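# What follows is a predicted protein model with its sequence.
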Amino acid sequence: MKNIPERTIWKDHEAMSRAAAYFFISACHHAIAKQGKFVVALSGGNTPKRLFELLASPEFNKNVPWKKVFLFWSDERFVVPTSPDSNYNMAKKSLLDKIDIPPKNIFPVPVTGDPEQCARQYEAAIKKFFNNKQAAFDWVMLGTGTDGHTASLFPNTPVLIENRRLVKQVWLNDQQSWRITFTYPLINKAKQIILLVAGKEKKHIVNTVFSKPVKRIYPVQYINPEKSLWIIDKATEG
């Protein structure tokens, strides 16, 4: 097993977002030709917003058979869906409201009530979607923070050693807030993992991920490198 993932480097955030949009469409058509559907887990944060806007634009939108695309989220903040902090809300405004996708194809993370119950509910929904067979998304989108977290797999949180559950609740003490996240077992079963990373403040993370010999010190480094493609801008290049 190789320890360093593949990467493509682009001029700036706009260029890498356009590249990601082309990768999305290519993967979408490949999956639909093979199995009749394209199953995706979207990510939150600032970086993927431009990708979502591009996918919603006439240039790209017309090339996506949205009725055969199914959208989940790799993590979510435990806030109401209308909150500006909601990953779902960001995707809704930049993508979902502008495309012709059936509501039944959209699977937001439940955020009402108890976080643990919501995590179990989302895991059950994923298992049901995959007919209780091994859940393997066609595309899992991720990013990383300046602390090396990915999805809501943060440093020094118990979820990092979870090896059975597919979805888990996470308490972030410094933020005094709950999140719900895919775990490594679910992420690493994906057919393709896309990491969108932009900005010079992430340079130290990228340097560590792509250095030899590999030293695993960040949560993002436990994402399966054999299935990962990092799409980055020049500012993050080591």
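In hand now; what should we look at? Bear in mind the structure is a predicted one, so any value in this text is a computation, not a measurement.

# In the protein, what residue spans correspond to strands?
Secondary structure of the chain (DSSP state E): strands at 6-10, 38-42, 69-73, 75-77, 139-142, 167-172, 177-182, 193-197, 228-233.

# just checking, N61 touches I99?
Yes - here N61 reaches I99: they are 5.8 Å apart, a contact under CB atoms under 8 Å. The C-beta positions use only the backbone N, C-alpha and C, and glycine is treated the same way.

# hey, what's in contact with both of these two?
By CB atoms under 8 Å, 6 or more residues apart in numbering, N61 and I99 have these common neighbours: L55.

# circling back: can you redo the strands of the chain as JSON lines with mean neighbour count?
As requested, the strands of the chain are exported to JSON lines (neighbours: other CB atoms under 10 Å):
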{"stretch": "strand 6-10", "mean neighbour count": "15"}
{"stretch": "strand 38-42", "mean neighbour count": "24"}
{"stretch": "strand 69-73", "mean neighbour count": "22"}
{"stretch": "strand 75-77", "mean neighbour count": "25"}
{"stretch": "strand 139-142", "mean neighbour count": "26"}
{"stretch": "strand 167-172", "mean neighbour count": "21"}
{"stretch": "strand 177-182", "mean neighbour count": "25"}
{"stretch": "strand 193-197", "mean neighbour count": "24"}
{"stretch": "strand 228-233", "mean neighbour count": "22"}
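
# Please tabulate those in CSV and include mean pLDDT as additional columns.
Below are the strands of the chain laid out as CSV (pLDDT from 0 to 100):
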stretch, mean pLDDT
strand 6-10, 96
strand 38-42, 98
strand 69-73, 98
strand 75-77, 98
strand 139-142, 98
strand 167-172, 97
strand 177-182, 97
strand 193-197, 98
strand 228-233, 97
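
# do you know which of those strands lies nearest P103?
strand 69-73 (10.7 Å; CB to CB).

# now the angle between strand 38-42 and the closest one, please.
With axes from the mean of the first three to the mean of the last three CA atoms, to 10 degrees as the basis, strand 69-73 and strand 38-42 are set at 30 degrees to each other.

# coming back round to it: could you redo the strands of the chain as TSV and give each row distance to V214?
Shown next, in TSV, are these (distance: least, CB to CB, whole Å):
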stretch	distance to V214
strand 6-10	14
strand 38-42	25
strand 69-73	29
strand 75-77	25
strand 139-142	18
strand 167-172	25
strand 177-182	23
strand 193-197	16
strand 228-233	13
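
# Of these, which is nearest I32?
Nearest to I32, of the strands of the chain and by CB to CB, is strand 38-42 at 5.6 Å.

# which secondary structure elements does that closest one contact?
Counting contacts by 3 or more CB pairs under 8 Å, 6 or more residues apart in numbering; DSSP states H and E, strand 38-42 packs against helix 13-35, strand 69-73, strand 139-142.
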